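Student: I need the structure of the sequence given here:
(chains A and B)
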Amino acid sequence: MIKIKNLTYHYDLNQTPVIAELSLEIKTNEYVALVGPNGSGKTTLIRHLNGLLLPNKGDIWIDDLNTKEPALLPQIRQKVGMVFQNPDHQIVGTTVEEDVAFGPGNLNLSPSEIRQRVDQALEQVGLSRHLKSASHALSGGEKQLLALAGVLAMQPSYVAFDEPTSHLDPLARKNILQVLMDLNGRGMTIIHVTHNMDEIIQAGRILVMDQGKLILDGTPAAVFSHMEWLQKIGLDVPKINALVLHLRRMGLELRADILDLDEACRELYRLIKPDHSNEVQISKV
Amino acid sequence: MYHLGQYDPGRSLVHRLDPRIKILFTILLSVLILQTGMRTGIFFTLFLGSVFFVSGIAFGRLWQALKPALLFFAFLFLLHLFFTPGRPLLPWFSGAFAPTREGLLLGALTTLRFILLIVCAALLTGTTLPMDLVHGLERLLRPFNYIGLPSHDIALMISLALRFIPTFMLELQKIKEAQISRGLDFGSGSIFKRLQKTAYLLTPLLLNAFRGADELADAMESRGYQRGSRTYLRELCFSRRDLAVAGLMVVMTWGFIFRLQILKFFKLN
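Tutor: Coordinates of the predicted model:
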């Protein structure tokens, strides 16, 4: 479990804090999406999770390990993996396997153990066939998967993603999101920072940040129901959820927890279903 | 793009040697080649020629490595030819800057030395994966840890440099295209003007690199990087072949140092 208590952080002590008195708990195996406009402090927040940044005030515990203890940092960094925005700036190795081996090498594992972890991590993200390829020759999406494999090889319990899809094309984006779902299904805790609202319906829980504060925390349906609030801080509710919300407000009896297009279609169809006599007549004609 | 030092995949005896022994052998050969005379020069040419043959690297690759240096070789040769005092090469052409026989020989020897050095380097990098090369270097430098030379960090620096060459090349290409599309013409103007224009390429490239370096440092720290010991995917192992090559190195050094006595023994000198 990740526990954050009264976290305050300033980049510059004279200015207003980037994060102010923020408290939060993230349970094991949750899929948490962290959204907010630019400058809301979401990237700053997740950089605290593995001790890249240390709080000015307050504490963060990763499974009861406080990030303020320098001696615990190697352990914390093994537990909390981090995938950044630009895949080109996080690949260290000239070949795919060398890159994945970087983390386990830092953990001082034996060559045979490293080999096993490299193979396993590449298998998990579906890059096994590129084992010996030069890392710079991969496509953008594959590079991001490689960055993820490098993190997975350290066998973390939590992985924080800082806008992992912002440099990718739609297909690669879809692929990454699927991999996140799979990892979560296998027990990994995912913290996913994004400002693309379409990506977060797959999260179990959404946190909305604005000006260094947590302003909303709940299931996607609950968060989307505060549409006006979200729009006020510059976030867009996905079209399909906005539609459902509008229809409900206009009095249509739709379920409140509809999240995706398929569900919305089925629900709408149930409501406006043509009666069967008509259908038979149409088929006769 | 850059042919000198590109790895040529293969399974030859030279490829399979331990990178440490290859690095040491290259250093030894370089020292000997720089000391070499005409006779030993012929020996080294034959020796490197046969190693090259065994390695199975295509001759075209060697040519690509040598081609950029041709102008330099010509310059070097002519410099020696004209500026070495001695007996004139052409009886009707004498004076301070006349070509001399001594100059001809010295020029040929110096050029041969440089060609052999390049062949040596091309053999090393052509038969060794960059990562293995870095790894071998790290292992060789490890004893210097005791006097404060951080071998792991040096190895990491080199491998990061290797890793980012293609990335920066690509970025440079993008910046160049962006600048051209804004009307900057890199193909015209005096040399001075052209040099000035490269600033429009290098400034954004450097800025990007620095920004990237910050992110890279974060990513590396997140993956548990810290100074001090670490392990590698591939451990180097010193085999019997490597021992044989080490033996050869000792014999060569010994032979080179005592070559005069050897030549005398065979009544060659």
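Student: what about the residue in the stretch 1-150 of chain B that chain A sits nearest to, which SS state?
Tutor: When distances are taken as CB to the nearest CB, the stretch 1-150 of chain B reaches nearest to chain A at residue B:131, 5.3 Å away. (C-beta placed from N, C-alpha, C; glycine too.) Under DSSP: H, G, I helix; E, B strand; the rest coil, residue B:131 falls in the helix class.
Student: right, and it touches residue A:95 too?
Tutor: Yes: in this structure, residue B:131 sits in contact with residue A:95. The criterion is CB atoms under 8 Å, and the distance is 6.6 Å.
Student: Quick one: name the residues of the stretch 101-250 of chain B near chain A.
Tutor: The interface of the stretch 101-250 of chain B toward chain A, taken as CB under 8 Å from any CB of the partner chain, is made up of B:130-131, B:159-160, B:162-163, B:166-167, B:170, B:212, B:215-216, B:218-226, B:229-235.
Student: Where do the helices of the stretch 151-285 of chain A begin and end?
Tutor: With DSSP state H, counting those that start in this stretch, the ranges of helices along the stretch 151-285 of chain A come out as A:170-185, A:220-224, A:227-232, A:239-249, A:261-272, A:276-284.
Student: what does the stretch 1-150 of chain B give?
Tutor: With DSSP H, counting those that start in this stretch applied, the stretch 1-150 of chain B shows helices at B:13-16, B:19-35, B:38-55, B:59-66, B:70-83, B:101-127, B:130-141, listed in chain order.
Student: And the pLDDT for the nearest residue to residue B:209 once chain neighbours are set aside?
Tutor: On the basis of CB to CB, 6 or more residues apart in numbering or on different chains, the spatially nearest residue to residue B:209 that is not a chain neighbour turns out to be residue B:168, at 6.8 Å. Confidence per residue is given as pLDDT, and for residue B:168 that number is 90.
Student: Point to the residue nearest the middle of chain B.
Tutor: Geometric centre of chain B, nearest residue: residue B:121, 4.0 Å, by CA atoms, centre = their mean.
Student: wouldn't it be in contact with residue B:26 here?
Tutor: Yes: between residue B:121 and residue B:26 there is a contact at 6.9 Å, judged by CB under 8 Å.
Student: export stretch A:139-155 as PDB, just CAs?
Tutor: In PDB, the C-alpha atoms belonging to stretch A:139-155 read as follows (Å, rounded to 0.1, in the frame of the first residue of the first chain):
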ATOM      1  CA  SER A 139       9.200   2.200 -33.300                       C
ATOM      2  CA  GLY A 140       7.900   4.800 -30.800                       C
ATOM      3  CA  GLY A 141       5.300   2.400 -29.300                       C
ATOM      4  CA  GLU A 142       7.900  -0.400 -29.100                       C
ATOM      5  CA  LYS A 143      10.300   1.900 -27.400                       C
ATOM      6  CA  GLN A 144       7.700   2.700 -24.700                       C
ATOM      7  CA  LEU A 145       7.100  -1.000 -24.300                       C
ATOM      8  CA  LEU A 146      10.800  -1.500 -23.900                       C
ATOM      9  CA  ALA A 147      11.000   1.200 -21.200                       C
ATOM     10  CA  LEU A 148       8.100  -0.700 -19.500                       C
ATOM     11  CA  ALA A 149      10.000  -4.000 -19.800                       C
ATOM     12  CA  GLY A 150      13.100  -2.400 -18.200                       C
ATOM     13  CA  VAL A 151      10.900  -1.500 -15.200                       C
ATOM     14  CA  LEU A 152       9.100  -4.900 -15.100                       C
ATOM     15  CA  ALA A 153      12.500  -6.700 -15.000                       C
ATOM     16  CA  MET A 154      13.000  -5.200 -11.500                       C
ATOM     17  CA  GLN A 155       9.700  -7.000 -10.500                       C
END
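Student: ok, back up a step: ranked by average pLDDT, which of the helices of the stretch 1-150 of chain B falls at the bottom?
Tutor: When mean pLDDT is averaged over each of the helices of the stretch 1-150 of chain B, helix B:59-66 scores lowest at a mean of 83.
Student: Can you name every helix or strand that that helix contacts?
Tutor: Of the remaining helices and strands, those touching helix B:59-66 by 3 or more CB pairs under 8 Å, 6 or more residues apart in numbering or on different chains; DSSP states H and E are helix B:101-127.
Student: helices or strands up against the helix it packs on?
Tutor: Judged by 3+ CB pairs under 8 Å, 6+ apart, helix B:101-127 is in contact with helix B:13-16, helix B:19-35, helix B:38-55, helix B:59-66, helix B:70-83.
Student: Need those helices in a markdown table (columns: mean neighbour count).
Tutor: As requested, the helices and strands packed on helix B:101-127 are exported to a markdown table (neighbours: other CB atoms under 10 Å in any protein chain shown):
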| stretch | mean neighbour count |
| --- | --- |
| helix B:13-16 | 16 |
| helix B:19-35 | 18 |
| helix B:38-55 | 15 |
| helix B:59-66 | 15 |
| helix B:70-83 | 14 |
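Student: Adding distance to residue A:122, write the ones you listed out as TSV.
Tutor: Shown next, in TSV, are the helices and strands packed on helix B:101-127 (distance: least, CB to CB, whole Å):
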stretch	distance to residue A:122
helix B:13-16	25
helix B:19-35	25
helix B:38-55	31
helix B:59-66	31
helix B:70-83	44
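Student: That concludes my questions; thank you for your assistance.
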